[in-house]
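Asks: Sequence and computational prediction follow.
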Amino acid sequence: MRDLQVFRDPQPGRSLWELGITLIPFLGLFAAIIAAADAGYLLALALTPLAGLFLLRLFIIQHDCGHGSFLRERRSNDWFGRMLGVFTLTPYDCWSLSHARHHAMTGNLDKRGFGDVDTLTVREYCERSRTQRLGYRLYRHPLTLLGFGPAYLFLLRHRLPVGLMKEGWKFWISALGTNLATLAILAVPIWLVGFGVTLAVFLPTLLFAASMGVWLFYIQHQFPHAYWESKSDWSFAEAALMGSTHLDLQPVLRWFTGNIGIHHVHHLSSTIPFHRLPEVLKAHPALRDLNRYTAWESLSAFRLALWDEEQQRMVTFAEAEKMMG
């Protein structure tokens with residue numbers, strides 16, 4: 001990790017430039033989509049994926065704020081992160097703590113369940129009742145992971161400090177304050193064009209961005225030869241490099257996703273600004289092919305569902321049932 005130290009310092013000028021070329025087009029495109037709704041909703045709807053991609057990139061910038069890699073001062077990072085959370089419908093203080101725990105515990109079998117995709121071992125699945133197995137199957141279904149799950153997460157779960165309700169008023173203020181600020185911003189288009197048009201434009205934009213984000217998060221840690229170890233054998237560096245993927249996307253998608261596909265490097269050194277991650281691959285070519293997947297190859301990972309401790313790999317439900325006899 002010492003070799004990566006040179007990439008860690010935030011570059012405020014570059015960071016603010018990245019914010020400007022993301023936030024301004026997003027706001028302009030959102031306004032254009034609302035205006036286009038008068039000419040026909042299908043035309044407006046066709047533009048929402050592009051707005052969703054800009055919204056996703058805003059979330060990546062918010063993500064850098066959470067890691068302290070957007071600006072040099074912690075306070076500045078936090079306030080920019082809170083501002084962006086109003087657009088992404090993600091209460092910054094709640095999310096940043098949850099995400100920090102994810103980084104600290106990823107790949108640790110004894111520390112699952114906070115800021116990650118729920119994953120059972122084959123043994124744990126066998127010990128569940130039929131009803132519990134069905135519930136887990138439904139949870140791991142792609143329609144849930146990419147459809148109902150993102151909608152629940154960003155429209156409902158983030159509205160309250162779920163999981164942090166007893167950890168202080170800071171997280172209640174974060175969640176409820178984000179709700180109020182988002183409503184205040186949406187009040188402008190609601191006043192101009194009405195609640196129905198605003199909702200019909202905002203929801204598809206948000207849900208497209210949310211589904212893209214969940215797809216990225218899923219493939220970053222759910223792949224055949226991932227890394228899961230019990231606490232006694234767990235290693236932070238191994239979990240970062242062996243338990244995270246390099247999702248090698250085409251240049252346009254790489255830009256919209258803020259290079260977050262270079263996830264193994266991000267987990268190894270989370271304070272590297274997103275726009276400098278490609279520099280790490282150039283300086284350390286050996287990292288380029290480590291756990292490398294293309295967007296197309298990533299789709300097969302949605303068949304995986306359980307961690308087999310004996311084979312040290314992810315398996316499908318069908319493979320697990322064969323093991324169960």
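Replies: Alright, I've got the coordinates. Numbering: from 1, shown residues only.
Asks: list the contacts for S270?
Replies: Listed by C-beta atoms under 8 Å, 6 or more residues apart in numbering, the contact partners of S270 are 67, 69, 103. Backbone N, C-alpha and C define where each C-beta goes, glycine included.
Asks: Ramachandran coordinates for the first one?
Replies: Dihedral pair for H67: phi -90, psi 0, per degrees, to the nearest 10.
Asks: now the strands for the chain?
Replies: Per DSSP state E, the chain carries strands over the ranges 120-121, 246-247, 292-293, 304-308, 313-316.
Asks: got the contact list for the last one?
Replies: In this case it means strand 313-316. Strand 313-316 is contacted from outside by 122, 222-226, 301, 303-308, 323, using C-beta under 8 Å, 6+ apart.
Asks: buried set for that strand?
Replies: 313-315 (16 or more other C-beta atoms under 10 Å).
Asks: out of those, who's nearest W17?
Replies: Checking those against W17 with C-beta to C-beta, the nearest one is M314 at 39.2 Å.
Asks: Apart from its neighbours in sequence, what residue is nearest that closest one?
Replies: Nearest non-adjacent residue to M314, counting by C-beta to C-beta, 6 or more residues apart in numbering: L304, 4.1 Å away.
Asks: so that neighbour touches H225, yeah?
Replies: No - here L304 lies out of contact with H225, judged by C-beta atoms under 8 Å, at a distance of 10.6 Å.
Asks: Any chance you could list what contacts stretch 66-82?
Replies: The contact list for stretch 66-82 (C-beta under 8 Å, 6+ apart) reads 8-10, 12, 15, 19, 61-62, 64-65, 92-93, 95-96, 99-100, 174, 177-178, 270-274.
Asks: one more time with 6 Å
Replies: Here stretch 66-82 makes contact (C-beta atoms under 6 Å, 6 or more residues apart in numbering) with 10, 12, 15, 62, 64-65, 92, 96, 99, 270-271, 273.
Asks: Buried ones only from the residues you listed, please, as a PyMOL command.
Replies: Provided next is the PyMOL selection string for whichever of the contacts of stretch 66-82 are buried by 16+ other C-beta under 10 Å:
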select buried, resi 10+15+62+64+65+92+96+99+270+273
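Asks: Restricted to helices, list the contacts of stretch 66-82.
Replies: Mapping these onto helices (DSSP state H) picks out 12, 15, 62, 64-65, 92, 96, 99.
Asks: nearest to D248, of those?
Replies: D64 (20.6 Å).
Asks: List the backbone torsions phi and psi for the residue lying closest to the closest one once chain neighbours are set aside.
Replies: For D64, ignoring the flanking residues on the chain, the nearest one in space by C-beta to C-beta, 6+ apart is F70 at 4.3 Å. Main-chain dihedrals, F70, degrees, to the nearest 10: phi -90, psi -50.
Asks: rewinding a little: from the buried residues of strand 313-316, which is closest to Y152?
Replies: M314 (23.8 Å).
Asks: Return the distance of that closest one relative to R72.
Replies: 39 Å (C-beta to C-beta, to the nearest Å).
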